[in-house]
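Asker: next come a sequence and a model predicted from it.
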Amino acid sequence: MQLLFLFFIFLIWLGGALFFGIVFGIISLIIGLIGFIIKLFLKKYNAKIAIECAQQYKRKLVPTRLEALKIAENVLIHFHKIRQESLVVLFLDDSNYCVEVKISFGDECSVEFSPEEILKIANSMNVSKLVVMHNHPDEKPIPSDQDVLYIANLQNILGDRIKIVDALVWCRGGIKSILNTHRFKEMVENY
C-alpha cells in the first residue's frame, strides 16, 4: 500500500514536471521569438535612420577633407547600430556639392559595392570627386587588406578624371583614412 502511494505521488510529480516543462518550454520559445522580432525591427529601424542621416547630405557642400571626416562620423554612428558593414559613397561635383549619396549594406564582416558600379553612377551624374566611407562593426578602425585593395582598385578604375577625396573606416574605436596608409600607397604604385 505504501509502495502504491509512493508510486502515485511519483506519477503526480512526473506529470507536473512534464506539464510545467512543456509550459516553460513554450514560454521560452515565445520570449525568444519576440526577442528575434524586436531585434529585426530595430535593425530595420536603425537602417532607416542611417539612410535618412546619409541622405541629408545630398545637395550640401563638402568643402574639405576635415568636413568629409565630420560627415563620416555623423553618418556612420547610425550605421554602427545595425551591426553589419555598410558602405556610403558621397558623389561630389566640381564645386564640392554632394549630388548623390549611395549606400550598400553587407554582413557582419564585409560589404559589396563594385567599383565599376560606382564609376557608372559617377559618370552618369558627371561628378569629379568621391568620399567613400564604411563602418567596422568589430570595433577596429584599422583598414583591412580588403579595404585597402578595394580602394586601390577603385582609384585605378576611376583614373584621373574622378578623385577620391577620402576613404574612411569608422568604428566606435575611431576613424582612419585608407588613403593615408602605407599599404594603400604601395598598392597604387604597384598597379
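Answerer: Yes, it's here. Predicted, not measured: the structure shown is a model, and the values here were computed from it.

Asker: can you give me the helices in the protein?
Answerer: 2-55, 65-80, 115-125, 145-158, 182-190 (DSSP state H).

Asker: among those helices, which comes closest to V89?
Answerer: Checking these against V89 by CB to CB gives helix 115-125 as the closest, at 6.0 Å. Using the backbone N, CA and C atoms, a C-beta is placed for each residue, glycine as well.

Asker: where does this protein have its least confident helix or strand?
Answerer: Within the chain, no helix or strand scores below helix 182-190, which has a mean of 69 by mean pLDDT, DSSP states H and E.

Asker: what separation is there between P141 and R59?
Answerer: Distance, P141 to R59, using CB to CB, to the nearest Å: 29 Å.

Asker: how many neighbours does the nearest residue in space to I164 that is not next to it in sequence have?
Answerer: Leaving aside its sequence neighbours, I164 sits nearest to L130 (CB to CB, 6 or more residues apart in numbering; 5.2 Å). L130: 24 surrounding residues under other CB atoms under 10 Å.

Asker: do I have it right that L130 meets I162?
Answerer: Yes: using CB atoms under 8 Å, L130 makes contact with I162 at a distance of 6.4 Å.

Asker: so M125 makes contact with E100?
Answerer: Yes: shown here, M125 and E100 form a contact pair, counting by CB under 8 Å, at 5.5 Å.

Asker: compare neighbour counts for those two and give me the winner.
Answerer: E100 (17 against 12).

Asker: OK, contacts around the more buried one?
Answerer: 58, 90-91, 121, 125, 127 (CB atoms under 8 Å, 6 or more residues apart in numbering).

Asker: try it again at 6 Å.
Answerer: If a contact means CB atoms under 6 Å, 6 or more residues apart in numbering, then E100 has 91, 125 as its contacts.

Asker: the residue lying closest to N74 once chain neighbours are set aside - how many residues pack around it?
Answerer: Closest residue to N74 apart from its sequence neighbours, by CB to CB, 6+ apart: C53 at 6.8 Å. C53 has 18 neighbours, counted by other CB under 10 Å.

Asker: same deal with I31?
Answerer: Count around I31 with other CB under 10 Å applied: 10.

Asker: quick one on the thing from earlier: the residue nearest to I164 contacts K163, doesn't it?
Answerer: No: the criterion here is CB atoms under 6 Å, and L130 misses it with K163 at 7.4 Å.

Asker: run through this structure and note the low-pLDDT ranges.
Answerer: 1-3, 5-6, 8, 11, 13-14, 16-17, 25, 42, 80, 187-191 (pLDDT under 70).

Asker: mind doing that once more with 80?
Answerer: The chain contains residues with pLDDT under 80 at 1-47, 49-51, 53-54, 63-66, 68-69, 72-84, 108-110, 137-141, 171-175, 179-191.

Asker: on that earlier part again, tell me what the residue nearest to I164 is bridged to.
Answerer: Judged by DSSP bridges, the bridge partners of L130 are F91, I164.
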